[in-house]
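Peer 1: Quick one, fold the following:
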Amino acid sequence: MKYRFIDLFAGAGGLSEGFIRAGYEPIAHIEMDHYACDSLKTRAAFHYLKENGKLEIYEEYLKNKKEKTDGSWLWNKVPKSVIDSVIQEAIGKETLPSLFERVDKLCNGTPVDMIIGGPPCQAYSVAGRARLGKKIEEDPRNDLYKFYVAFLKRYKPKMFVFENVLGILTAKGGEPFRDLIRLVRELDYNIDFREQIASQHGVLQKRHRVIIVGWQNKRDTQEDTSYHYPYLLEEQIPYKIMRDLFCDLPIIKAGEGTLCGIVHYTKPLNDMEYLKKSGIRGVLSFTTQHIARPNNPTDREIYKQAVEQWNEGKRLRYDKLDPSLQKHKNTQTFLNRFCVVDPNGVCHTVVAHIAMDGHYYIYPTPNPTTDNVRSITIREAARIQSFPDDYFFEGSRSAAFKQIGNAVPVVLAEKIALEIKKILAHEDELRRTQNR
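Peer 2: Residues are numbered from 1 along each chain as shown. From the prediction side, this is the model:
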């Protein structure tokens with residue numbers, strides 16, 4: 001039996017992908033962003049075709065995909081019900097009734113085992129609060145957690161997972177977080193939360209997030225319960241970005257690569273232990289979206305200096321650049337705005353700002369020159385977030401980067417899902433034993 005889940009504020013589906021890989025079945029993905037929904041539809045089609053032994057259709061789609069086209073050709077190759085599981089809609093007071101109606105139809109009378117997801121984090125993030133100051137306190141996104149709770153109230157899942165930035169614990173003096181706990185407990189759920197660092201769970205990225213887990217409280221019954229926060233044992237990762245994550249992709253320069261079109265690997269999978277172990281190489285013999293942003297001469301000179309300083313164990317400071325290279329008026333704050341991805345360790349956090357520019361994600365080019373330096377590609381960013389190489393992000397280059405930056409790392413999501421699956425299975429067995 002597959003446990004079934006609803007994904008709220010789904011983005012491009014990093015959290016969903018982890019749960020699907022762990023053997024869960026999605027009921028619905030709800031997301032407001034057009035391109036993220038297109039990516040979700042394409043991924044839903046992928047999973048259907050894979051399960052039914054028809055992956056050649058997906059391969060044909062990727063090999064013939066054209067820029068500025070959506071996935072309609074592919075979506076029409078699978079049952080309409082598969083695509084209808086993706087609901088493009090903002091979650092809010094006005095939309096709740098229609099959303100409930102649509103999700104009820106998708107549930108078709110069967111129970112919801114899990115609700116997963118997390119509201120957009122910009123309203124809670126420390127960076128957002130620093131940039132916008134008091135204005136951020138009036139941001140309506142501060143209250144999106146209440147709609148997550150509304151779904152808990154209606155569908156009564158056995159457990160739920162709520163992911164967000166650490167800033168949710170302290171935003172507005174901690175008021176939203178305390179209110180979330182209060183509302184969830186009023187629905188008779190227990191709740192626990194922990195900071196999880198992606199690099200301690202098989203992801204080559206120092207991504208710090210709070211993972212909140214809740215489960216049904218059985219204090220008013222005579223039944224025992226085995227629900228608890230999942231055991232997520234920390235791992236020591238011996239892998240490195242350049243050697244284990246990037247080096248089987250073709251070497252390209254700034255502005256090279258295509259948004260659509262296939263990319264062949266330069267090394268066999270057996271030579272790439274981490275990619276094989278993590279499942280990042282996916283199930284196809286090729287990948288896509290290995291495309292680098294174009295950069296002007298000034299940026300390439302800065303990138304060159306940044307990599308050179310990194311190789312000397314230093315970090316480039318914007319205020320120390322030659323004035324001729326300083327194109328930004330602000331030379332007092334955000335002095336580390338140009339940052340190199342650590343080739344011999346794990347990457348710093350990939351965030352949605354990567355959609356704006358690649359300055360904070362400079363590729364660690366060996367022997368850097370102004371001719372060969374660049375920022376990371378869509379595929380490299382996706383790999384840092386542990387998306388499989390057969391995952392296609394619909395929309396423009398910027399749209400793809402935004403989707404990736406907002407996602408939950410797939411490998412972390414899968415680890416959480418597998419541990420929760422053990423809890424659910426044990427609880428089911430406990431219930432069967434008590435009913436004998």
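Peer 1: Let's test this: mean pLDDT of the helix or strand containing residue 275, rounded?
Peer 2: Using DSSP states H and E, residue 275 falls within helix 273-278. Averaging pLDDT along helix 273-278 yields 98.
Peer 1: can you pull the buried residues of stretch 78-96?
Peer 2: 78, 82, 83, 85, 86, 87, 91, 95 (16 or more other C-beta atoms under 10 Å). The way it works is simple: take the backbone N, C-alpha and C, and place the C-beta from them, glycine included.
Peer 1: The fourth one touches residue 31, doesn't it?
Peer 2: No. Counting by C-beta atoms under 8 Å, residue 85 sits too far from residue 31 to count as a contact (11.4 Å).
Peer 1: hmm, back to that, not counting the helix holding residue 275 itself, show me its contacts.
Peer 2: With C-beta atoms under 8 Å, 6 or more residues apart in numbering as the contact definition, helix 273-278 has outside contacts at 202, 204, 239, 244, 245, 248, 269, 270, 280, 281, 386, 411.
Peer 1: Filter those down to the buried ones.
Peer 2: 202, 204, 239, 244, 245, 248, 280, 281, 386, 411.
Peer 1: quick one: which of the buried residues of stretch 78-96 sit in strands?
Peer 2: Members of the buried residues of stretch 78-96 lying in strands (criterion: DSSP state E): 86, 87.
Peer 1: Would you mind giving the buried residues of stretch 78-96 as a markdown table with pLDDT and distance to residue 275 added?
Peer 2: As requested, those are exported to a markdown table (pLDDT from 0 to 100; distance: C-beta to C-beta, whole Å):
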| residue | pLDDT | distance to residue 275 |
| --- | --- | --- |
| 78 | 99 | 28 |
| 82 | 98 | 28 |
| 83 | 99 | 30 |
| 85 | 99 | 29 |
| 86 | 99 | 28 |
| 87 | 99 | 33 |
| 91 | 97 | 35 |
| 95 | 98 | 40 |
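Peer 1: Counting by contacts, list what the longest helix seen in the chain packs against.
Peer 2: For the chain, the longest helix by residue count, based on DSSP state H, is helix 410-434. Under the contact criterion of 3 or more C-beta pairs under 8 Å, 6 or more residues apart in numbering; DSSP states H and E, helix 410-434 touches helix 14-21, strand 159-164, strand 208-216.
Peer 1: how about the ones you listed, which one is nearest residue 258?
Peer 2: The minimum distance between residue 258 and the helices and strands packed on helix 410-434 falls on helix 14-21, with 23.8 Å, by C-beta to C-beta.
Peer 1: about what we covered before: for the helices and strands packed on helix 410-434, could you give me CSV that also reports distance to residue 296, mean pLDDT and mean neighbour count?
Peer 2: Putting the helices and strands packed on helix 410-434 into CSV (distance: least, C-beta to C-beta, whole Å; pLDDT from 0 to 100; neighbours: other C-beta atoms under 10 Å) gives the following:
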stretch, distance to residue 296, mean pLDDT, mean neighbour count
helix 14-21, 32, 99, 25
strand 159-164, 36, 98, 25
strand 208-216, 33, 97, 20
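Peer 1: For the closest residue to residue 397 other than its chain neighbours, give its distance to residue 401.
Peer 2: Spatial nearest neighbour of residue 397, chain neighbours left out: residue 259 (5.8 Å); criterion: C-beta to C-beta, 6 or more residues apart in numbering. Separation of residue 259 from residue 401 (C-beta to C-beta, to the nearest Å) stands at 11 Å.
Peer 1: One more: residue 157?
Peer 2: Distance from residue 157 to residue 401, by C-beta to C-beta: 32 Å.
Peer 1: Of all the residues in stretch 320-331, which ones are buried?
Peer 2: Counting neighbours by 16+ other C-beta under 10 Å, stretch 320-331 gives residue 321 as buried.
Peer 1: ditto for stretch 50-65
Peer 2: Those would be 57, 58, 59, 61, 62, 65, for stretch 50-65 by 16+ other C-beta under 10 Å.
Peer 1: residues contacting the first one?
Peer 2: Under the criterion of C-beta under 8 Å, 6+ apart, the contact partners of residue 57 comprise 49, 74, 77.
Peer 1: What strand or helix carries it?
Peer 2: Element membership of residue 57, judged by DSSP H and E, is helix 55-64.
Peer 1: quick revisit: nearest to residue 182, of the buried ones among the contacts of helix 273-278?
Peer 2: Distance to residue 182, by C-beta to C-beta, is smallest for residue 411 among these, at 32.8 Å.
Peer 1: isn't that closest one right up against residue 202?
Peer 2: Yes. Between residue 411 and residue 202 there is a contact under C-beta under 8 Å: 4.6 Å.
Peer 1: Not counting sequence-adjacent ones, nearest residue to residue 246?
Peer 2: Leaving aside its sequence neighbours, residue 246 sits nearest to residue 380 (C-beta to C-beta, 6+ apart; 6.0 Å).
Peer 1: residues near that neighbour, how many?
Peer 2: Using other C-beta atoms under 10 Å, residue 380 is surrounded by 24 other residues.
Peer 1: How about the one 3 residues further on?
Peer 2: Here the count is done by other C-beta under 10 Å, and residue 383 has 28 residues near it.
Peer 1: And for residue 97?
Peer 2: Close neighbours of residue 97, defined as other C-beta under 10 Å, add up to 9.
Peer 1: What helix or strand is the residue nearest to residue 397 located in?
Peer 2: Here residue 259 is assigned to no helix or strand, by DSSP H and E.
Peer 1: quick one on the thing from earlier: any idea which of the buried residues of stretch 78-96 is closest to residue 323?
Peer 2: When the buried residues of stretch 78-96 are compared for distance to residue 323 (C-beta to C-beta), residue 91 comes out closest, at 47.5 Å.
Peer 1: Fine by me, we can end here.
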